[in-house]
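give me a model of this one.
(one chain, ligands or ions: 1)
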Amino acid sequence: MADQPQKEQLLALRDRIDALDADIGKLISERARCAQQVADVKNASGDGEVLYYRPEREAQVLRKAMERNQGPLSDEEMARLFREIMSACLALEQPIKVAYLGPEGTFTQQAALKHFGASAVTKPFSAIDEVFREVEAGAVNYGVVPVENSTEGVVSHTLDNFMNSNLKICGEVELRVHHNLVVSSVTNVNSISRIYSHGQSLAQCRKWLDAHYPKAERIAVSSNAEAARRIRGEWNAAAIAPTQAAELYELEIIADKIEDQPDNSTRFLIIGAEEVEPSGDDKTSILVAMRNQPGALHNLLEPFHRNEIDLTRVETRPSRTGVWTYVFFVDFNGHQKDPVVRETLDEVSARVADLKVLGAYPKAVL
Ligand SMILES: C=C(O[C@@H]1C=C(C(=O)O)C=C[C@H]1O)C(=O)O
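Next up is the predicted model:
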């Protein structure tokens, strides 16, 4: 092959790719037919509402795709391809409807696409409460809301919503978050005196802004995408926004990756009405209300420690009721149906004023 002219080599390789594509196409169709048959089976045995989307099964499919992978594609790249194949297959069973904290172009939309794939029908809402309400009303199957950022900490509004909601956490998504300084076609880049963004994004770029735009006024708005939309009519304004929002609103990126922490990332939760079965590598989130007494936190955490359950997060919020002083959000490794987790939760329940399992769900795969 080495002494073949380049043109012939390329022709031969392209023939080979065409043949492989034909095989891949056939196999994908066969897979899609199987998914349709799964739907038939689910319909035949289902009394009442049929569950087409199975988060635990999807996590297993993605993990297997990564384990099988021998390269040259990275495990993540391989899983992403399978993510889209599954998304398209599920859409044959039933297109999944997902509400997210919008508007279009936000990181939450990226998280929704990353988790459900491009065949999901996604709908933006302008507040976290509205996303919860939409899922509660059954207008959509799932919702996507941000919950914590690696630089700025917790998104308290999301946690507060769980106090008054019966929705379950069905999954989590992690997203590397990069910020850009963007301007519109009417901006005079030498006289930027206002910078719009979401409060969290402004905070995540604080040092960069101090160094480069110390005099500009920083204005917090409801989302990065809203910031991007706003500057289109202001000659002296810039926005901090994700690349997607810059593209959507036809803005120019004048500085990229301006976040202070290079590994800046945000975690999102998938909320839904149904509990999720164990996938083999899961997390559980609980909400605990406690009376203010000495040793209360130790009492809560001790059973986890004794049973060797890894806590991944402990967050405190004011309870907003006179009765309880503290409310804790605790995440830990394991599924609420694992025997050791069940025993631990029973023990903890007996020690606190109230305990609610917010959900057990597959750990983020991608
Ligand atoms: C095919 C199924 O239904 C859906 C589609 C899946 C797929 O394409 O692999 C996996 C889980 C479900 O979300 C199933 O339950 O196995």
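
tell me how this structure divides into domains.
What the record gives for the chain is the domain set 95-177+265-272, 180-255, 282-362, from automatic domain parsing.

which strands or helices does the helix or strand in which residue 14 is found pack on?
Following DSSP states H and E, one finds residue 14 within helix 6-45. Judged by 3 or more C-beta pairs under 8 Å, 6 or more residues apart in numbering; DSSP states H and E, helix 6-45 is in contact with helix 75-93. All C-beta spots, glycine's among them, are computed from the backbone N, C-alpha and C.

can you list the domains of the chain in a markdown table and add distance to the ligand and mean neighbour count?
Output for the domains of the chain, formatted as a markdown table (distance: least, C-beta to the nearest ligand atom, whole Å; neighbours: other C-beta atoms under 10 Å):
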| stretch | distance to the ligand | mean neighbour count |
| --- | --- | --- |
| domain 95-177+265-272 | 8 | 20 |
| domain 180-255 | 25 | 19 |
| domain 282-362 | 12 | 16 |
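
including distance to residue 28 and mean pLDDT, could the ones you listed go into JSON lines?
Output for the domains of the chain, formatted as JSON lines (distance: least, C-beta to C-beta, whole Å; pLDDT from 0 to 100):
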{"stretch": "domain 95-177+265-272", "distance to residue 28": "13", "mean pLDDT": "92"}
{"stretch": "domain 180-255", "distance to residue 28": "27", "mean pLDDT": "92"}
{"stretch": "domain 282-362", "distance to residue 28": "24", "mean pLDDT": "90"}
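
residue 135 against residue 269, yeah?
No: applying C-beta atoms under 8 Å, one finds residue 135 not in contact with residue 269, separated by 11.3 Å.

ok so, going back, could I get the domains of the chain in a markdown table, plus columns for distance to residue 70?
Shown next, in a markdown table, are the domains of the chain (distance: least, C-beta to C-beta, whole Å):
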| stretch | distance to residue 70 |
| --- | --- |
| domain 95-177+265-272 | 24 |
| domain 180-255 | 32 |
| domain 282-362 | 24 |
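
report the contact partners of the residue positioned nearest the centre of the chain.
Centroid check for the chain by C-alpha atoms, centre = their mean gives residue 173 as the closest residue, at 3.1 Å. By C-beta atoms under 8 Å, 6 or more residues apart in numbering, the contact set of residue 173 is 111, 114-115, 144, 267-270, 364, 366.

where along the stretch 201-350 of the chain do the strands fall?
Along the stretch 201-350 of the chain, the stretches classed as strands by DSSP state E, counting those that start in this stretch are 217-221, 237-241, 252-255, 265-272, 282-290, 311-318, 326-333.

the residue nearest to the centre of the chain should be in a strand, yeah?
Yes: assignment of residue 173 by DSSP: H, G, I helix; E, B strand; the rest coil places it within a strand.

what pairs with it across the strands?
Beta-bridge pairing for residue 173 (DSSP bridges): residue 268.

now residue 314
Bridge pairing for residue 314 - DSSP bridges - gives residue 330.

residues contacting it?
Taking C-beta under 8 Å, 6+ apart, we find residue 314 in contact with 301, 328-331.

circling back: out of the strands of the stretch 201-350 of the chain, which gets nearest to residue 186?
strand 237-241 (9.3 Å; C-beta to C-beta).
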